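A.B. asks: What follows is a predicted structure for the sequence shown.
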Amino acid sequence: GRQSGPVASLSQHVLILSRAKSTAAPAAAAAASACPFTGAEAKTPPKLNHAPKLPIVGSIPFFPPDESDMYGYVNRRREKYGEWYSFGVPGFSKSVFGTMFLMNNPNEFVKVVRGEGTYPSGIVEHLWPIRTALKECNSALVQTNSDGTTNYGLLDNGEQWKKQRMFLQTGMLEPRTAKGFIPGISRAAELAASGAPEMGREGKLNHYLNAAAFDMFSSFMLGEYTQAAAGRDDDTSNDENILFCNAAIRFMGISMADIARSPYEIIMNKLGIKTEQWREMIDHWKTVQEIGALKLDRFMEKRQRGELNDVEKASYFNNALERFEAQPEGDENNLTLDEVKQLCILSLFVSVDTTSTVTSWNLVHLALNQDAQEKLYNEIAAAVDSIGEGQLTASVLERSNTPYLTAFIRETNRLTPPFPSITSKSNSSRPIEIFGQKFPVGTLFVLENIGNDERFITDAKSFRPERWFAEEVESRKGTKQEYIDHIVARDPFGQGARRCPGSRVAANEILCMVSHWVLKYKIQVSSPDIKTLDDIEKNWAPFIAPNVPKLDFVPRE
């Protein structure tokens, strides 16, 4: 009864799991008639094919990646080897060949999720440069087991992982708690939005987006409005927030793009030889650690003096300190203060280069799709006026009140996901049967993303948020196209017990940032030569991200 105008009309279009009827019948009917797969074909077990592999280098020499077009590369690889195949990737499997088994059927992949056991596997276990950096810098998260082996805590599995993970996710994953941080995140996003025009003119939007992600997460973590993205130049070397962001970006680029995928670096690491690139990476990690520790220590000193403001008192770190202090004495599951601080620094570090990848693609799609941008503006503006009483509130951002916003973000993730696969997992607890074949414990499986593959999805290269309205979703049922509607494909944060612990916070950051951009500006591409997504340069380090072109942010009246 509260909705009117654009919100009322758009609310009649229903997203996944909604019950209202859509007016998209013609598009839905066309999608159904053009569907490349029938229900019977969707249920036929595919043949397991094997890409050739060599020790250490895996399958890379036989099908080298095209880093300028990773979406096309993965689609071509799937076309070559089929819907169910093995492939070798250096460093991402316990096998000397780097063997992983790739599929695109989410229903089959759920078997792997159910076989996780008490100590499930996760992609972070294979991020050996980050794990080794933690160990080399004597992180409190890393411990030595009784048998002399190394336990990497949050980046490992077992009891130590579980203990650190449970502490970290408390206050992050619970929906009501995460929703409570939206006012602070929205304020940080509003401040960050003011820096967009200058960075857009100067062609520095990728760095701006990293800084904006850091600003929003800092409001959550420390109750601090850092304003790193609010119109500051990225050469401000004396600003610790900019230094932190720069170090985090360089570390991720070197560790996951230059080192993790390099057979030479893998061999040197196994031989205990530290290369020049490795030393540079460690220097950046030390910068992250030093600035992060300084920020947390300042917070704790202020807390000790009783000078925290209300926003700081409500912050995640303050809550973490309260939980640390409330730990029962002598409990073997207790964390040390250093572990708590390291978890928070690691979270700040990760925030810089993860959420920004998603927001960068949303920004590109806003600029390239003017009609969708205007629909989004009309919906959000009407909801702010009728529901938020002039403010961008948590209620405004609910899917029932801004359904087109949810559809826009979902469509961005379908067409331009931050990673070519949806998730990867190993069957940690027991042998498993996939497509009628048995695999031993510890086999690595990957669920590929087919959302932008024209062989599977009708009109796959078009940006149409309307494809997430109820009638189009219904038309995909019983076909392979319905794979994109599966719950495991809904967002880029993974699934199961290893799902990104900050996923709810990140989702709220994306909603807030996109909303403030659209409310404040009409966003346009500056160059007349950039008209479609094919004109956007992309990089892969470590996520697939656009080199965001110069954009014009024209203030709305």
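C.D. replies: Structure's in. What do you need?
A.B. asks: mind listing the strands for this structure?
C.D. replies: Using DSSP state E, the strands of the chain run over residues 49-50, 84-88, 99-103, 143-144, 150-151, 421-426, 432-434, 437-439, 444-448, 521-525, 538-540, 544-546, 551-555.
A.B. asks: which stretches of the protein aren't confidently modelled?
C.D. replies: The model of the chain has pLDDT under 70 over residues 1-43, 231-238.
A.B. asks: So which of the strands of the chain is nearest E329?
C.D. replies: With CB to CB as the measure, strand 143-144 is the member of the strands of the chain nearest E329 (20.7 Å). Where you see a C-beta, it was placed from the backbone N, CA and C, and this is true even at glycine.
A.B. asks: That closest one pairs with which strands?
C.D. replies: Here strand 143-144 has these sheet partners by DSSP bridges: strand 150-151 (antiparallel).
A.B. asks: who's in contact with the partner strand?
C.D. replies: For strand 150-151, the external contacting residues (CB atoms under 8 Å, 6 or more residues apart in numbering) are K135, V142, Q143, T144, N145, G158, Q160.
A.B. asks: Please spell out the PyMOL selection for the buried subset of the residues you listed.
C.D. replies: Command for PyMOL that selects the buried part of the contacts of strand 150-151, burial taken from 16 or more other CB atoms under 10 Å:
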select buried, resi 135+142+160
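A.B. asks: and the contacts of strand 150-151 as JSON lines, adding distance to I544?
C.D. replies: What follows is the contacts of strand 150-151, written out as JSON lines (distance: CB to CB, whole Å):
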{"residue": "K135", "distance to I544": "29"}
{"residue": "V142", "distance to I544": "30"}
{"residue": "Q143", "distance to I544": "34"}
{"residue": "T144", "distance to I544": "36"}
{"residue": "N145", "distance to I544": "36"}
{"residue": "G158", "distance to I544": "31"}
{"residue": "Q160", "distance to I544": "32"}
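A.B. asks: And the contacts of strand 150-151, which two are furthest apart?
C.D. replies: K135 and G158 (15.8 Å).
A.B. asks: who are the neighbours in contact with the residue lying closest to E202 once chain neighbours are set aside?
C.D. replies: Nearest in space to E202, with sequence neighbours left out and distances taken as CB to CB, 6 or more residues apart in numbering, is K550 at 7.7 Å. Shown in contact with K550 (CB under 8 Å, 6+ apart): G200, R201, E202, G203, L205, V525, S526, S527.
A.B. asks: ok, now which ones touch I249?
C.D. replies: Listed by CB under 8 Å, 6+ apart, the contact set of I249 reads H207, N210, V352, D353.
A.B. asks: quick one: the second one from A229, how far?
C.D. replies: Spelled out, that is N210. N210 is 8 Å from A229, where distance means CB to CB, to the nearest Å.
A.B. asks: Give me the more crowded residue out of those two.
C.D. replies: Set side by side, N210 and A229 show more neighbours around A229, with 31 against 28, by other CB atoms under 10 Å.
A.B. asks: I'd say the more buried one and Y208 touch.
C.D. replies: Yes. A229 is within contact range of Y208, at 5.4 Å (criterion: CB atoms under 8 Å).
A.B. asks: joint contacts of the two?
C.D. replies: Common neighbours of A229 and Y208 (CB under 8 Å, 6+ apart) are G195, M199.
A.B. asks: Many thanks, have a good one.
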